[in-house]
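# Turn this into a structure:
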Amino acid sequence: MRSIKFIIALCALIAVLPSCKLKSIVSVNDYYSPTTGRIPIYQTGQQLPNNIVRIGSIVVGESGLTPTDKCTYEACMNIIEDEAKKVGSDLVYLVRVNEPKSWGSTCYNITAELYKYDK
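Numbering: from 1, shown residues only. Purely as a prediction, here's the structure:
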């Protein structure tokens, strides 16, 4: 009986641990060679260059049990930049930034579009 309780507790822990980090959903039309260096981040409402093509989008936010110290604006932006580089994005445009709320999500939730310069 003791071993069954241990196995159940272990399974519960394994199920919970992956949800203790930020969740990112990346959707792209096509993958390009990874980008190196810093990627410009344009804020909502900023004018974008004319010579760009949208290649996808990304949403970053909490996964359910994300600790507050792991879902800061900076943590979300680090994930956005890393994921943007992986798919070959040249710049990121922040579409929506939802700040934490005391009665709702305690994490930032950021939606961004990924762009490539049109060559």
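# list the buried ones in the helix or strand where Thr111 lies?
Using DSSP states H and E, Thr111 maps to strand 109-117. Neighbour-count burial for strand 109-117 flags 109-116 (criterion: 16 or more other C-beta atoms under 10 Å). For the C-beta atoms, the positions are set from N, CA and C on the backbone; glycine is no exception.
# Next: stretch 89-107.
For stretch 89-107, burial by neighbour count (16+ other C-beta under 10 Å) applies to 89-94, 107.
# Between which two of these is the distance greatest?
Spanning the widest gap among the buried residues of stretch 89-107 are Asp90 and Cys107, at 27.5 Å by C-beta to C-beta.
# Just give the closest residue to Lys85, not the sequence neighbours.
Once flanking residues are discounted, Lys85 sits nearest to Thr35: 4.5 Å by C-beta to C-beta, 6 or more residues apart in numbering.
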